[in-house]
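Please work out how this folds:
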Amino acid sequence: MLIIPAIDIREGKCVRLFQGSPDKVHVYSENPLETAVLWEQNGALSLHVIDLDGAFEGVPKNFSLIETIISSVSIPVQVGGGIRSPVSVQNYIAAGAHHVILGSIASRNFGFVRELCETYPERITVSMDARNGKIAVDGWQREMPFEAVELAREFEASGVASFIYTDILRDGTLHGPNLEAICRFVESVSTPVYAAGGICSLDDIVNLAKLCDQGLEGVIVGKAAYTGDVNIREAQELALRITGKTYPSSRTPPSREIG
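Numbering: from 1, shown residues only. Below you'll find the predicted structure:
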């Protein structure tokens, strides 16, 4: 199970929102590129990079910065935020993104998702952002009349590589993940799942690692990584021990402080 630190970019800065609200923002770094490099140095095996400006405006706004981040680290990077056209997907794939995350557009256009999965097999991830079980779009500002589990089953037929399941009401709260909802989602699909929202301790990592056999591929850690409540290297080593794997020797440089 991968422990993946999140880098959310807004106005060129590395920030975290509270429950996705654009009015409740905290800046953790003025330099997202430096933060990405430091996360890699601190043991991250993958990065989750989101263009928040793009998510709110419906079109990528930080492409050049994210392209530089991808080229500056040696670990896989999954990218999302405002990606709603084939050109945007193509540009990020060409830039080296390991997975491209579709959010709002996926819920509106199943055919679009299917075509992209055929064009870029094993490269398309769909973000299932849920508030009380219902999908939210447009930077989580508008709720759709779809249940996350039901919608996910539709996407599976399109051949998506993975899902990201985020409980919006837990995101940025440090109140712990919604284990019941995550478990229900993971058990309802056969596609690999990444869980996000509320992770705040190593106990959460232990509890989530129990879902690996059901298809939980990784955990995205946001605010807790920046506050120090979750140390990425320690959490990753713990997850690997629980799942019976070893930490890659190439990923063990000396740790440095984030910030």
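
switch to C-alpha atoms for all contacts and neighbour counts from now on
Noted.

by contact count, what packs against the lowest-mean-pLDDT helix or strand in the chain?
Every helix and strand of the chain was ranked by mean pLDDT, DSSP states H and E. The lowest is strand 142-147, at a mean of 80. Counting contacts by 3 or more Cα pairs under 8 Å, 6 or more residues apart in numbering; DSSP states H and E, strand 142-147 packs against strand 134-137.

The strand it packs on pairs with which strands, and in what direction?
Sheet pairing of strand 134-137 (DSSP bridges) gives strand 124-131 (antiparallel), strand 142-147 (antiparallel).

Need the residues that contact stretch 64-82.
Contacts to stretch 64-82, defined as Cα atoms under 8 Å, 6 or more residues apart in numbering, come from residues 12, 32-33, 36-37, 40, 44-61, 92, 95-103.

rerun that using 7 Å as the cut-off
33, 36-37, 45-52, 54-55, 57-60, 95-102 (Cα atoms under 7 Å, 6 or more residues apart in numbering).

Pull out the buried residues from the residues you listed.
33, 36-37, 45-52, 54-55, 58-60, 95-102 (16 or more other Cα atoms under 10 Å).

remind me which residues of the protein are low pLDDT?
20, 247-259 (pLDDT under 70).

Okay, strands next: where are they in it?
In the chain, the strands defined using DSSP state E lie at 2-10, 13-18, 21-29, 47-51, 77-80, 99-102, 124-131, 134-137, 142-147, 162-167, 193-196, 216-221.

and among the strands paired with strand 134-137, the most buried is which?
Across these, averaging neighbours per residue (mean count of other Cα atoms under 10 Å) puts strand 124-131 on top, at a mean of 26.

can you tell me which residues contact the residue most central in space within the chain?
When Cα atoms, centre = their mean is applied to the chain, the residue found nearest the centroid is residue 48 (4.7 Å). By Cα under 7 Å, 6+ apart, the residues touching residue 48 are 4, 5, 6, 7, 77, 78, 79.

Which residues does it form beta bridges with?
On the basis of DSSP bridges, residue 48 is bridged to residue 6, residue 78.

What is the burial count for residue 86?
Look at residue 86: counted by other Cα atoms under 10 Å, it has 13 neighbours.

what about it, distance to residue 152?
Separation of residue 86 from residue 152 (Cα to Cα, to the nearest Å): 21 Å.

what's the answer for residue 124, then?
Here residue 124 is placed at a distance of 13 Å from residue 152 (Cα to Cα).

For the residue nearest to residue 4 when sequence neighbours are not counted, list each beta-bridge partner.
Setting aside the residues directly before and after it, residue 4 is nearest to residue 220 in space (Cα to Cα, 6 or more residues apart in numbering), at 4.6 Å. Beta-bridge pairing of residue 220 under DSSP bridges involves residue 4, residue 196.

residue contacts, residue 220?
Neighbours of residue 220 in contact, by Cα under 7 Å, 6+ apart: 3, 4, 5, 6, 194, 195, 196.

10 Å instead, please
Residues in contact with residue 220, defined by Cα atoms under 10 Å, 6 or more residues apart in numbering, are 2-6, 46-48, 164-166, 194-199.

Ok, residue 122 next?
Contacts of residue 122 (Cα under 10 Å, 6+ apart): 98, 99, 100, 159, 160, 161, 162.
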